[in-house]
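Trainee: Structure for the following, please:
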Amino acid sequence: DALGDACRGSGPLSERDQRLVKLGIAIGLGSEGAVRSHVRRGLNEGITREDLLHAIAIAIPTAGFPATAAAYRWARAVLEPEAPPAD
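Mentor: Residues are numbered from 1 along each chain as shown. Alright, predicted model coming up:
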């Protein structure tokens, strides 16, 4: 916990920006649990659905389309839990 606190407090990024960076890292790692967690936490912290989806979209050139499409599906499950799963 102390390391996490030190890292978060070591620079100028806002909590919002840090959440979006962590979402991007989760996408790059292909971590379903982390993507879902960062989307959920982002919503709880007041980040809009549109901003979260934009953060995912800009991962396409770096993480690739398949990884980003998977992240979009995982995020959609959090953002729209009543929606049927996307194929």
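
Trainee: could you pull out the helices for this structure?
Mentor: With helices called from DSSP state H, the chain shows them at 2-8, 15-29, 32-44, 49-57, 60-63, 65-79.

Trainee: pLDDT of the first one, averaged?
Mentor: Helix 2-8 carries an average pLDDT of 89.

Trainee: and if you look at the fifth one?
Mentor: Helix 60-63 carries an average pLDDT of 95.

Trainee: lowest confidence element among the helices and strands of this structure?
Mentor: The weakest-scoring helix or strand in the chain, judged by mean pLDDT, DSSP states H and E, is helix 2-8 (a mean of 89).

Trainee: tell me how far that one is from the chain's mean position?
Mentor: Per Cα atoms, centre = their mean, to the nearest Å, the displacement of helix 2-8 from the mean C-alpha position of its chain is 19 Å.

Trainee: With stretch 57-67 instead?
Mentor: 13 Å.

Trainee: what's the span of it from first residue to last?
Mentor: Length of stretch 57-67, first residue to last, Cα to Cα, to the nearest Å: 11 Å.

Trainee: if we can go back for a sec, got a list of contacts for the least confident helix or strand of the chain?
Mentor: Contacts with helix 2-8, where a contact means Cβ atoms under 8 Å, 6 or more residues apart in numbering, come from 15, 18. For glycine as for every other residue, the C-beta is placed from the backbone atoms N, C-alpha and C.

Trainee: Could you tell me which residues make contact with the residue positioned nearest the centre of the chain?
Mentor: By Cα atoms, centre = their mean, the mean C-alpha position of the chain lies nearest to residue 23, the distance being 2.8 Å. Contacts for residue 23 (Cβ under 8 Å, 6+ apart) come out as 35, 38-39, 42, 52, 55-56.
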